[in-house]
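1. Please find the sequence and the predicted model below.
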Amino acid sequence: MQNMRILQLHCDYIEFTPIKKEIKSAEEIDPQSKHLDEVVVAFVAVEDGDNSEVGKKAMNEIAESMKKVGCNKLLLYPYAHLSSKLASPSTALAIIKEMESRSDGLEVHRAPFGWTKSYKLQVKGHPLAENSKTISVGEEKESTSEALKAESKIQSFWHIMTPDGNMHDIDKFNFAKYENLEVLAKYEAAKKRSVDEPPPHVKLMKKLAIADYEPASDAGNMRFFPNGRLIKSLIERYVTEKVVEYGGFEVETPIMYDSHHPSMESYFNRFPARQYNVNSEGKQLFLRFAACFGQFLMAKDFHMSYKNLPLRLYELTRYSFRREQSGELVGLRRLRAFTMPDCHAMCKDMEQAKEEFRKRFDLSRQVIKGLGLDESDFEMAIRFTEEFYNENKSLIEELVKKIGKPVLVEMWKERFFYFVLKWEFNYVDNLGKASALSTDQIDVENGKRYNIEFTDEMNKPQNPIILHNSPSGAVERVIYVLLEKAAKDQREGRKPGLPLWLAPTQVRVIPVKPEFLNYSEKLVENISQHDVRVDLDDRNESVGKSIRDAETEWIRYIIVIGEKEVSATKLSIRDRKSGNVKELTVDELINEIKEETKDKPFLKMNMNRYVSKRPQIMV
RNA sequence: GCCUCGAUAGCUCAGCCUGGUAGAGCGAACGCCUCGUAAGCGUUAGGCCGCGGGAUCGAAUCCCGCUCGAGGCUCCA
């Protein structure tokens, strides 16, 4: 983004004298001193990329503020030092001259361009006397949706609900056995936090060559190395398989939408997210911040009967974009571009919606469990309107009972969002930060807004109730949770690791000497035939060194091949989980791995099988 | 967006306070060693000390500005 920079000073007087030409292309002038009284001095730096549009805007803003201070005399003073990415002198001079000519009823003077000048000025003491501006065109001031502005006005009531269905005051609830829930409750309700160190997963994501920041992109847009891409792919496949099993139909929709499309405009103002804007051929497009629009627009064009419902549409959005505030982005926890599995179910009425809602609750619990988290790893929050609660107490109590521990409740006096009920599973990390994983909502508004219709039993058109579910939450956030969990293990003296089905390398073979390479290669080939990710440390390093490297990569099984193994059927296998070396045949090892990774997707190794052929990504 | 802190070799960092030849470990290349469950040894290459200004005989070091990053705040439908 280019920005003209202006420092504006309201002065009693200024006096300047051109001394010598600073650049070859300096203006030819008579180096006379000049004195002006009661003047606004605007030091101007024209940046690379600025154009006359910017100049025009700058003059408007200067004139505006001069009106406020009641001054009519302006001195444009070319001042390169305000910027480090200056426009070329000829462009800058042209733009400044243009500004000079656009007098707008002001008395405009200009200091010579390209000269070293000495100057003396006296700035007035009032508050508006000094100000600086950065002028740019193209991007208007931050455009935020109405929803974002209105959000702070919602009135919420916070409680804890125990599995017996009773509501408790947060202040009076005994959190002794529910430390993480307390963190969540304080986090959400009291907004109290105390953290001053980086979350441990940031180091781990780099060390394990999973992901890293990409400075050439925008903040919050990560790059994923082969290991990270593999882990993401596996999680994506797993979640997609589970949703398809449940009855979801996978679709794909565009990642950008026209902000002025009629059905978009109103939704836009109901969804409090900051978005990326893209201007193209006069259209104002924005990047999707959820899969909702795509699926709703699609469903609108379906011809549906009540017999077709519930209809479940599913999309794995790579990516959804939310332009979160820069200070809010952290490692893989909160990103501006993220992969979100998003499943909507159109339901014919509230009865069907509630039934479907239960199914998806179970689906989400199953998915979270499959990803390697158990119920003690997350805290549930459930949110609803007072009216919905009064009419559907049993549904809400049923969900809480299933979780089997107290949950955080937020109740709204009136419906503000498009949904009447929402729950989410929150992970509380090492630093006491809570972030949402799975979630589901009952939406009573968008069926109508998007004009999605089905024909009911009476042959009347109706708008469906729509459920919004992400069974896992953002894929990147799942990785964040797995790494934070591993960091916790490490901190508490256990060996950190990833679930075996997600490990980039599951088995590493280390020959004691190069003479065993041949045998090792055959072994690797054999194991790999059975869909196990196995690699070979063919570097000519000491065994100790190779083992150490494998350990720091969190590789679960290490097989050392030497004299003994070449002539025996059993292998010496170091199992990271127990830390012991055990003797197994190849088949026994493969069976053990198959057993632990059953029902999980498999992908082939995403790096060269030979360790010596790999670039070093992170130390 | 606001506040605080930071930016030195591919990576992690020291040096900065008190200005005077740019440092270490890891990694890489090359050689030696041929090794049994967490680091074998040596040599070499590798730097606009983020960018722009300033004061100074002299700046990685002091001052100002900028950019980018991290954390906190706000925010998280």
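-> Yep, that arrived.

2. Which secondary structure state does residue A:437 sit in?
-> Residue A:437 falls in the strand class when you classify it by DSSP: H, G, I helix; E, B strand; the rest coil.

3. pLDDT at it, what is it?
-> Per-residue pLDDT puts residue A:437 at 93.

4. could I have the helix or strand harbouring residue A:294 exported to CSV, CA atoms only?
-> Residue A:294 is located in helix A:292-300, with elements delineated by DSSP states H and E. Extracted in CSV, the C-alpha atoms of helix A:292-300 (Å, rounded to 0.1, in the frame of the first residue of the first chain):
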residue,chain,number,x,y,z
CYS,A,292,-22.5,-20.3,4.8
PHE,A,293,-23.1,-18.1,1.7
GLY,A,294,-21.9,-20.6,-0.8
GLN,A,295,-24.1,-23.4,0.6
PHE,A,296,-27.2,-21.1,1.1
LEU,A,297,-27.0,-19.8,-2.4
MET,A,298,-26.7,-23.3,-3.7
ALA,A,299,-29.6,-24.6,-1.6
LYS,A,300,-31.7,-21.7,-2.8
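
5. Which strands or helices does whichever helix or strand comes after it pack on?
-> In the C-terminal direction, the helix or strand that comes right after helix A:292-300 (DSSP H and E) is strand A:304-305. Strand A:304-305 makes packing contacts with strand A:454-455 when contacts are defined by 3 or more CB pairs under 8 Å, 6 or more residues apart in numbering; DSSP states H and E. C-beta here means a position set from N, CA and C on the backbone, and glycine is covered the same way.

6. how near is residue A:320 to residue A:224?
-> Taking CB to CB, to the nearest Å as the measure, residue A:320 and residue A:224 are separated by 16 Å.

7. which stretches of the stretch 401-550 of chain A have low pLDDT?
-> Counting by pLDDT under 70, the stretch 401-550 of chain A contains no low-confidence range.

8. please redo it, this time with the cut-off set to 80
-> A:430-432 (pLDDT under 80).

9. ok, now the stretch 1-150 of chain A?
-> Along the stretch 1-150 of chain A, the model assigns pLDDT under 80 to residues A:1-8, A:19-32, A:46-71, A:80-92, A:94, A:98, A:101-106, A:114-118, A:121-150.

10. can you pull out the helices in it?
-> Along the stretch 1-150 of chain A, counting by DSSP state H, counting those that start in this stretch, helices occupy A:52-69, A:89-101, A:146-150.

11. Out of the ones you listed, which is closest to RNA strand B?
-> In terms of CB to the nearest atom of the strand, the element of the helices of the stretch 1-150 of chain A nearest to RNA strand B is helix A:146-150, at 7.3 Å.

12. near RNA strand B, which residues of the stretch 251-400 of chain A?
-> Applying the criterion CB under 7 Å from any atom of the strand, the portion of the stretch 251-400 of chain A that neighbours RNA strand B consists of A:271-273, A:289-290, A:320, A:322, A:324-331, A:334.

13. what about 10 Å?
-> When proximity is defined by CB under 10 Å from any atom of the strand, the stretch 251-400 of chain A lies next to RNA strand B at A:270-274, A:288-292, A:320, A:322, A:324-331, A:333-335, A:338, A:340, A:342, A:381, A:383.
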